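# Below are the sequence and a predicted model for it; my questions follow.
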Amino acid sequence: MSTIRPLPEILINQIAAGEVVERPASVVKELVENALDAGATRVDIDLEEGGARLIRIRDNGGGIAAGQLPLAVSRHATSKIASLDDLESVATLGFRGEALPSIASVSRFTLASRQPQDEHGAALQIDGGKIGEVAPRAHAPGTTVEVRELFYNVPARRKFLRAERTELGHIEEWLRSLALARPDVELRVSHNGKPSRRYKPGDLYSDARLGETLGEDFARQSLRVDHSAAGLRLHGWIAQPQYSRASADQQYLYVNGRSVRDRSVAHAVKMAYGDVLYHGRQPAYVLFLELDPARVDVNVHPAKHEVRFRDARLIHDFVYRTLKDALAETRAGMEPTGGLPAQVADAMPPLSGGGQAGAYLLSRSPGSAGGGWQPRQSPLGLQVAEAPSAYAALYATPADAAMPAPVAGSGLPPTAADSGVPPLGYAIAQLHGIYILAENADGLIVVDMHAAHERIGYERLKTAHDGIGLHAQPLLVPITLAVGERDADTAEREAATLAELGFEVTRSGPGSLHVRSIPALLANAEPEGLLREVLTDLREHGQSRRVASARDELLSTMACHGAVRANRRLTVPEMNGLLRDMEATERSGQCNHGRPTWARFSLAEIDRWFLRGR
């Protein structure tokens, strides 16, 4: 029979290293986070062979007393928590006291440090977990940790390290994430003796730090968000829909300054972008979520990559509504100004509620863009495709429901606001019956008239049906649905939420449901499958937009059929009316399918085409 015996300390540390130290990037993460917790404002990272041969982290933080160096490399020794209350409200990046002993057990490790008040520093060497003596050493205030030959004594782990370039790429990606979260800290990186990257210190909302980490395109095409409610604050940047990615490589979430992954927040972001992002594309964002540390558990993952919220449903709803509202305010003609998206300025002509609106003349000075002509404009009526007779009552609201009145704001380009020219300017021609060409204060605007009209109609239909709500249609014969015990529990617990979505559901067995009513608008949309998806969302994220998304898909189709078609010749007043509607319509920068509705070509850009001014 096998005998139970205690494991030796070095083996315990090596087992812990398997959880904490996955690759060189894990070592860099743990050591740099320790430096930040020590108050460092500058961190130097020296690497060789992608970190497999050498990782050296130097900081100017508070340092470690010579007498505490052996304790610093002991398991579960830390200066950051002392009680369960501390653990439940921890605000530091590290707190378990596992990283240093785990790293030291699988490398040739040196720890050197000096506190500012000490005359000289001290150093401690560890070779594969064997601790040497503390010795005096000349050292500037701060700490240096040197990790050589990572996994040299664990060949099974070392052989799983990737190519030098791959390992270096993982380190650079983590440092990029850190640079976004801590722009106040200077980071210097060298590889194989050559400087490779330097992040200069700056302000949190520094466009320079944002540009050097994610690129100038992201900095130029992102919207800043900052919203607080219910003891929560969400701030950062979200990319405009036209700046979408093929992969999720520019999605950064920080909870109380800690870089994490969270499925609930990721789902909320995806939902917020659902109406404006092209199919298959990924949004880009840098978001900082701040809340009371007691409301989030950071001690749920060995490497602290994940967290658990005390009220995940509240967090999900807060993130979704904040981003949805921010994206809704992006209207055609708006420029990202470094702040929250602004609203349409007073210079925009007032909209009519539909029908035969009176055309008007707007006087313009000869010096303004477009010369001295006087544009005439009138609304372009939206003809929505006829709804099925069974749901005629649901579509009684006129398609031309009044749009929100223009509100003054500061989001217009200065030239447009100063000259009194609307953001999308005034129509000058129609190209091939597809595009509207317009002149604004900055240059040329090209509008896809069908895509733009489609979005305008879609938003009006949504506004109308939001007022109606989701009507339930009783079923003559209830549907019996086998869903499994977990989903049946969810349906029973969330009965009120399901009723708001148009589903009347009762439990008929351990793993089955009786469905007595379904959303009337979606009677032909496979309600059984839709209900299963709703239950999954409610179980995993606390809420679901499946019904609303299915409704919106139907309204989108109706708006598409009712939108102006290609090759229809529009008058100049009709074209100008469409431009004004775009400026007043939420999300009008994208059509219902996420494609752009307009593009701008500045006069300077056009001059470059013809080599003017050279």
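Structure received.

# Any stretches of the protein with poor pLDDT?
Along the chain, the parts satisfying pLDDT under 70 run over 1, 13-14, 16-19, 79-92, 94-97, 204-206, 302-303, 330-419, 469, 524-525.

# Could you break it into its assigned domains?
In terms of domains, the chain is parsed into 9-199, 207-328, 349-614 (source: automatic domain parsing).

# Switch the ones you listed over to a markdown table; also include distance to Thr3 and mean neighbour count.
Just so you know, the C-beta spots here come from the backbone N, C-alpha and C atoms, and that holds for glycine as well. Shown next, in a markdown table, are those (distance: least, C-beta to C-beta, whole Å; neighbours: other C-beta atoms under 10 Å):
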| stretch | distance to Thr3 | mean neighbour count |
| --- | --- | --- |
| domain 9-199 | 16 | 18 |
| domain 207-328 | 29 | 18 |
| domain 349-614 | 41 | 17 |
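
# so how far is whichever strand or helix holds Leu314 off the chain centroid?
For Leu314, the element it lies in under DSSP states H and E is helix 312-328. Here the centre of helix 312-328 is set off from its chain's centre by 11 Å, with C-alpha atoms, centre = their mean, to the nearest Å.

# Does anything pack onto it? Which helices or strands?
strand 222-229, strand 232-239, helix 263-273, strand 285-290, helix 527-541 (3 or more C-beta pairs under 8 Å, 6 or more residues apart in numbering; DSSP states H and E).

# I'd like the ones you listed laid out as CSV, including distance to Leu570.
Listed next are the helices and strands packed on helix 312-328 as CSV, based on distance: least, C-beta to C-beta, whole Å:
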stretch, distance to Leu570
strand 222-229, 31
strand 232-239, 32
helix 263-273, 31
strand 285-290, 37
helix 527-541, 39
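
# between those, which gets nearest to Glu30?
Among the helices and strands packed on helix 312-328, strand 285-290 comes nearest to Glu30, with 21.8 Å by C-beta to C-beta.

# Quick check: neighbours of the closest one in the sheet, parallel or antiparallel?
Sheet pairing here is set by DSSP bridges, and for strand 285-290 it gives strand 232-239 (antiparallel), strand 251-255 (parallel).

# ok, and what's touching the longest one?
I take that to be strand 232-239. With contacts defined as C-beta atoms under 8 Å, 6 or more residues apart in numbering, strand 232-239 is touched by 210, 218, 221-228, 250, 254, 283-291, 314-315, 318-319, 322-323, 326-327.

# now the helix holding Leu314 against strand 232-239, angle please.
Interaxial angle, helix 312-328 versus strand 232-239 (axes from the mean of the first three to the mean of the last three C-alpha atoms, to 10 degrees): 40 degrees.

# coming back round to it: of all the strands paired with strand 285-290, which one is nearest Met558?
Closest approach to Met558 among the strands paired with strand 285-290 is made by strand 232-239 (28.9 Å; C-beta to C-beta).

# and the closest one, C-alpha only, in CSV?
Extracted in CSV, the C-alpha atoms of strand 232-239 (Å, rounded to 0.1, in the frame of the first residue of the first chain):
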residue,chain,number,x,y,z
LEU,A,232,-19.4,51.9,-9.8
ARG,A,233,-17.3,53.9,-12.2
LEU,A,234,-16.5,52.9,-15.8
HIS,A,235,-14.0,55.0,-17.7
GLY,A,236,-11.6,54.5,-20.6
TRP,A,237,-11.8,54.3,-24.4
ILE,A,238,-14.0,52.4,-26.8
ALA,A,239,-13.2,52.2,-30.5
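
# could you give the angle of it to helix 263-273?
Going by the same axes, to 10 degrees, strand 232-239 makes 50 degrees with helix 263-273.

# Measure how strand 232-239 sits relative to strand 222-229, angle-wise.
Per the same axes, to 10 degrees, the angle that strand 232-239 makes with strand 222-229 is 170 degrees.

# Distance from strand 232-239 to the middle of the chain?
Distance of strand 232-239 from its chain centroid, counting by C-alpha atoms, centre = their mean, is 8 Å.

# just stretch 513-520 next, same as before
Computed by C-alpha atoms, centre = their mean, the chain-centroid distance of stretch 513-520 equals 35 Å.

# Repeat that for stretch 557-572.
Centre-to-centre, stretch 557-572 and its host chain are 34 Å apart (C-alpha atoms, centre = their mean).

# go on, stretch 520-534?
With C-alpha atoms, centre = their mean, you get 29 Å for stretch 520-534.

# Then stretch 149-159?
Using C-alpha atoms, centre = their mean, the mean C-alpha position of stretch 149-159 is found 37 Å from that of the whole chain.

# Can you lay out the strands paired with strand 285-290 as JSON lines showing distance to Ile518?
Shown next, in JSON lines, are the strands paired with strand 285-290 (distance: least, C-beta to C-beta, whole Å):
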{"stretch": "strand 232-239", "distance to Ile518": "34"}
{"stretch": "strand 251-255", "distance to Ile518": "35"}
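
# bridging residues for the spatially most central residue of the chain?
Of all residues in the chain, the one closest to the mean position by C-alpha atoms, centre = their mean is Tyr285, 3.5 Å from it. Here Tyr285 sits in beta bridges with Ile238, Gln251, going by DSSP bridges.

# Check the one 5 residues further on too.
Beta-bridge partners for Glu290, by DSSP bridges, are Arg233.

# From what I see, it and Asn256 are in contact.
Yes: the pair Glu290 / Asn256 is scored as a contact, 6.0 Å apart, by C-beta atoms under 8 Å.

# Report the secondary structure state of Trp451.
Heads up, residue 451 is Ala, not Trp. helix (DSSP: H, G, I helix; E, B strand; the rest coil).

# scratch that, His593
Secondary structure state of His593, per three-state DSSP, is coil.

# Would you confirm that it contacts His279?
Yes: with contact defined as C-beta under 8 Å, His593 counts as touching His279 (6.9 Å).

# what are the ranges of the strands in the stretch 101-250 of the chain?
Using DSSP state E, counting those that start in this stretch, the strands of the stretch 101-250 of the chain run over 108-114, 121-127, 130-131, 135-137, 142-148, 186-191, 194-199, 222-229, 232-239.

# who wins for proximity to Gly467 among the ones you listed?
The nearest among the strands of the stretch 101-250 of the chain, by C-beta to C-beta, is strand 222-229 at 24.2 Å.

# distance between that closest one and the chain's centre?
Centre-to-centre, strand 222-229 and its host chain are 11 Å apart (C-alpha atoms, centre = their mean).

# Please name the strands paired to that strand in the sheet, noting orientation.
Under the criterion DSSP bridges, strand 222-229 sits next to strand 232-239 (antiparallel) in its sheet.

# so who does Ala438 touch?
Neighbour list for Ala438: Leu424, Gly425, Tyr426, Ala427, Ile428, Leu444, Ile445, Val446, Val447, Met575, Leu579 [criterion: C-beta under 8 Å, 6+ apart].

# what about the helices and strands packed on helix 312-328, which gets the closest to Glu49?
Closest among the helices and strands packed on helix 312-328, using C-beta to C-beta: strand 285-290, at 30.8 Å.

# Now for the residue nearest to Ser177 when sequence neighbours are not counted: which residues touch it?
In space, and not counting its chain neighbours, Ser177 is closest to Ser259: 4.9 Å by C-beta to C-beta, 6 or more residues apart in numbering. Ser259 makes contacts with Trp174, Ser177, Leu178, Ala181, Tyr252, Leu253, His305, as judged by C-beta under 8 Å, 6+ apart.

# Right, I'll call it a day here.
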